[in-house]
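> Show me the folded form of this:
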Amino acid sequence: MTPGTGEGLRGWRAAARDALYGPEGFYRRPGEGPAGHFRTSVHASPLFAGAVARLLCRVDDALGRPAVLDFVDMAAGRGELAAGVLAALPAGVAERTRACAVELGGRPAGLDQRVEWRTEPPDGVTGLLFANEWLDNVPVDVAEVDAAGVPRLVLVRGDGTERLGEPVTGAEAAWLARWWPLAAEEGLRAEIGLPRDRAWAEVAGTVARGLAVAVDYAHTAAARPPFGTLTGFREGRETAPVPDGSCDITAHVALDACAAACALPGTRLLAQREALDALGVSGARPPLALASTDPAGYVRALASAGEAAELTAPGGLGDFGWLVQPVGIGDPIGG
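This is a model prediction of the structure:
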């Protein structure tokens, strides 16, 4: 790839922002929403919403059971998680819960009327703010090392054609040096996660008391991917990232950098399998003896175990990172 500029070329951050969130962007379109293009933990099984509901109950206990308990679902898609959490809560807790779905697209028809639909999270949250696969869709610029060993911005046209632009400088260069230093080897790439750090710090800052959680495809400084992770998804299949609004554009998240951008006591990173295990989601098969004493119960338990196994599978959803940041309470996940 040779350095250059030209008509229609711009950085990946600007290109992806328009492709995803512009007037005709991927996330602005009506219809089936993200579930039609990629499978998240929310879509994989209602067990996920049940685990988040249990987490909300633990936060509720830690807060002393306030009169109004907030649940904020960032990047809510079609509101599936917010509705699932409300359905899984004990009646007494559900009655006190203010559920907010935060999404740029319009409110879907048929969504539980108890779910408030917003384009921005509320201020002064007392409860749980949960961002499931949000940060990976916060657009970022991409850097690539040129033949001289210099990291340069990657520029892209609407058809996905790339060229190298100017050297990375300023705050973006400082971020790379701190969080994703690139060796002087031509072709190495990195996604510059500074906009995600800032976005998470702003959103987590809306929690007055309670817990902020970000769940995403993630990596840390000990194991950055050498060529980055920028990719696309369309109709359930991974595809080349093309910033024309026809596909999702995503890249894994440097969650350790996000954690440092909003440094709070008790912050920790853990894998989804660890978090869900602590919240009672297990992929263990039911005892075979149950098949003779309660055949229908055995079939239900077996199906549940299969769903739990998908949510916690190594190499799959179980490898998702959880960034957990308590605000004024202890860690309610434990484990």
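> From what I see, Ala261 and Ala201 are in contact.
Yes - applying Cβ atoms under 8 Å, one finds Ala261 in contact with Ala201, separated by 4.5 Å. Every residue, glycine included, has its C-beta placed from N, CA and C.
> Counting neighbours, what do you get for the residue nearest to Pro265 when sequence neighbours are not counted?
Take Pro265 and drop its neighbours on the chain: the residue closest to it by Cβ to Cβ, 6 or more residues apart in numbering is Pro326, 7.5 Å away. Counted with other Cβ atoms under 10 Å, the burial measure for Pro326 works out to 22 neighbours.
> Just to be sure, Pro326 is in a helix?
No - assessed with DSSP: H, G, I helix; E, B strand; the rest coil, Pro326 is strand; it does not lie in a helix.
> What distance do you get for it to Leu89?
The spacing between Pro326 and Leu89, counted by Cβ to Cβ, to the nearest Å, is 20 Å.
> Gly334 is in contact with the residue nearest to Pro265, correct?
No - in this structure, Pro326 is not within contact of Gly334 by Cβ under 8 Å, at 11.3 Å.
> Which neighbours do these two have in common?
In terms of Cβ atoms under 8 Å, 6 or more residues apart in numbering, Pro326 and Gly334 are not both contacted by any residue.
> What separation is there between the residue nearest to Pro265 and Asp244?
From Pro326 over to Asp244 (counting by Cβ to Cβ), the distance is 41 Å.
> likewise Ala75?
Remark: distance between Ala75 and Asp244 (Cβ to Cβ) = 21 Å.
> The two: who's more crowded?
Neighbour count, other Cβ under 10 Å: between Ala75 and Asp244, Ala75 has more, with 22 against 16.
> Name the nearest residue to that one, sequence neighbours excluded.
With Cβ to Cβ, 6+ apart, the residue lying closest to Ala75 is Trp134, at 3.5 Å.
> mind listing what that neighbour touches?
Trp134 makes contact with 74-75, 214, 216 under the criterion Cβ under 8 Å, 6+ apart.
> I figured Thr119 was touching Arg107, is that so?
No - using Cβ under 8 Å, Thr119 and Arg107 do not qualify as a contacting pair, with a distance of 10.5 Å.
> When these two are compared, which one has more neighbours?
Neighbour tally, Thr119 and Arg107, criterion other Cβ under 10 Å: the higher count belongs to Arg107, 15 against 9.
> a strand runs through that one, doesn't it?
No - when classified by three-state DSSP, Arg107 is found to be coil rather than part of a strand.
> now it: how far from Glu24?
If you measure Arg107 against Glu24 using Cβ to Cβ, the figure is 19 Å.
> ditto for Ala257
Here Ala257 is placed at a distance of 31 Å from Glu24 (Cβ to Cβ).
> cool, and Ala109?
Distance check for Ala109 against Glu24: by Cβ to Cβ, it reads 21 Å.
> Which one's more surrounded, the two?
In terms of neighbours (other Cβ under 10 Å), Glu24 is the more surrounded of Ala109 and Glu24; the figures are 10 against 7.
> which non-adjacent residue is nearest that one?
The shortest distance from Glu24 to any residue other than its chain neighbours is 5.4 Å, reached at Gly245 (Cβ to Cβ, 6+ apart).
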